[in-house]
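Novice: give the three-dimensional model of this entry:
(one chain, ligands or ions: 1)
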Amino acid sequence: MIRVKNLWHVYENGREALRGVDFEMGEEIVALVGQNGSGKTTLAKHLNGLLKPTRGKVTIDGMDTREHTVAELSRVVGYVFQNPEHMFFEEDVFREVAFGPKNLGLSEEEVTKRVQWALRVVNLQGYEKRTPYSLSGGEKQRLAIACVLAMRPKYLILDEPTTGLDAKSATGVVETIRELRKEGHGILLITHDMDLVLELAERVVLLHGGRKVFDGPVEEFFSLELHDYGLEKPELLRISERLGIGFVRSASEVVNALAGGSR
Ligand SMILES: Nc1ncnc2c1ncn2[C@@H]1O[C@H](COP(=O)(O)OP(=O)(O)OP(=O)(O)O)[C@@H](O)[C@H]1O
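Specialist: Numbering: from 1, shown residues only. From the prediction side, this is the model:
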């Protein structure tokens, strides 16, 4: 379990970015949302020790982040940053994914196994010899996930994984996230994309001004006055409300509801 207790983070300039946040997550898909500057990235950076609490406590599967290095914590909590292409530096996809596990000092055989497994999960088998820069936006995002995944972290933080991707690429990333969840990972999804939250999240945590103002089921989250938090209701929900069919999570649910209603 990831456990955050009364977490305060004050930056050197005095900015209180987190003010008494309590948060827990296990093997589930949690969407972390809130407008710009609400504290999402600051909270996420506490989960692999990039930041340490000013006050309060963060434990990752029992490890207090104050007492462990980023390297140790990163084996348990993998962080896939926004715009991942900046992190690629190897000449081919295989080496890129192998870099992390090699650094762990694993045998060549184990490294190869992990690379193959990670590429399979993100659906990039056959790309081993390609140069990372030749990949599409969605493929790069999936490669970034594979690189972190090859370290076998139990939890993954994905920062805006679908931003800037076309619909087809975004679908590939969504499928990858579902696959990761099936494989037993806990996933923290930092996003402004409410369609993605609707499609994928099992729970939503909403930050506002450094405080947690909502933590609960997706349906309940979308019943909030989202404009108050600088967020927009997904088009799909606005349509379903106008049609009077209530809460849905996908276009096919709308179609089914309409088909059922016309019988
Ligand atoms: N290194 C820093 N030094 C000082 N203040 C910072 C620093 N990093 C972030 N902040 C401030 O802390 C607050 C929270 O920032 P944070 O990046 O966590 O928000 P966010 O919700 O992730 O925003 P975004 O959606 O824009 O990424 C903001 O007011 C931000 O300006």
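
Novice: my guess is Asp61 contacts Val76. True?
Specialist: Yes: counting by Cβ atoms under 8 Å, Val76 is a contact partner of Asp61 at 5.9 Å. C-beta coordinates here come from the backbone N, C-alpha and C atoms, glycine included.

Novice: tell me the contacts of Ser240?
Specialist: Residues near Ser240 by Cβ atoms under 8 Å, 6 or more residues apart in numbering: Gly246, Phe247, Val248, Glu253, Val254, Ala257.

Novice: now, those residues that are in helices?
Specialist: Those of those mapping onto helices are Glu253, Val254, Ala257, per DSSP state H.

Novice: tell me, how many residues neighbour the closest residue to the last one other than its chain neighbours?
Specialist: What it means is Ala257. Excluding the flanking residues, the one nearest Ala257 by Cβ to Cβ, 6 or more residues apart in numbering is Ile245, at 4.1 Å. Neighbourhood size, Ile245 [other Cβ atoms under 10 Å]: 16.

Novice: measure Ile245 to the ligand for me?
Specialist: 32 Å (Cβ to the nearest ligand atom, to the nearest Å).

Novice: pretty sure that residue sits against Ala251.
Specialist: No: applying Cβ under 8 Å, one finds Ile245 not in contact with Ala251, separated by 12.0 Å.

Novice: which strand or helix spans Asn6?
Specialist: strand 2-10 (DSSP states H and E).

Novice: so which bits of that strand are buried?
Specialist: Ile2, Arg3, Val4, Leu7, His9 (16 or more other Cβ atoms under 10 Å).

Novice: what's the pLDDT at the closest residue in space to Phe81 that isn't next to it in sequence?
Specialist: Residue nearest to Phe81 in three dimensions, not counting chain neighbours: Asp159, with 5.5 Å by Cβ to Cβ, 6+ apart. For Asp159, the pLDDT comes out at 91.

Novice: do the same with the one 5 residues further on
Specialist: What the model reports for Gly164 is a pLDDT of 75.
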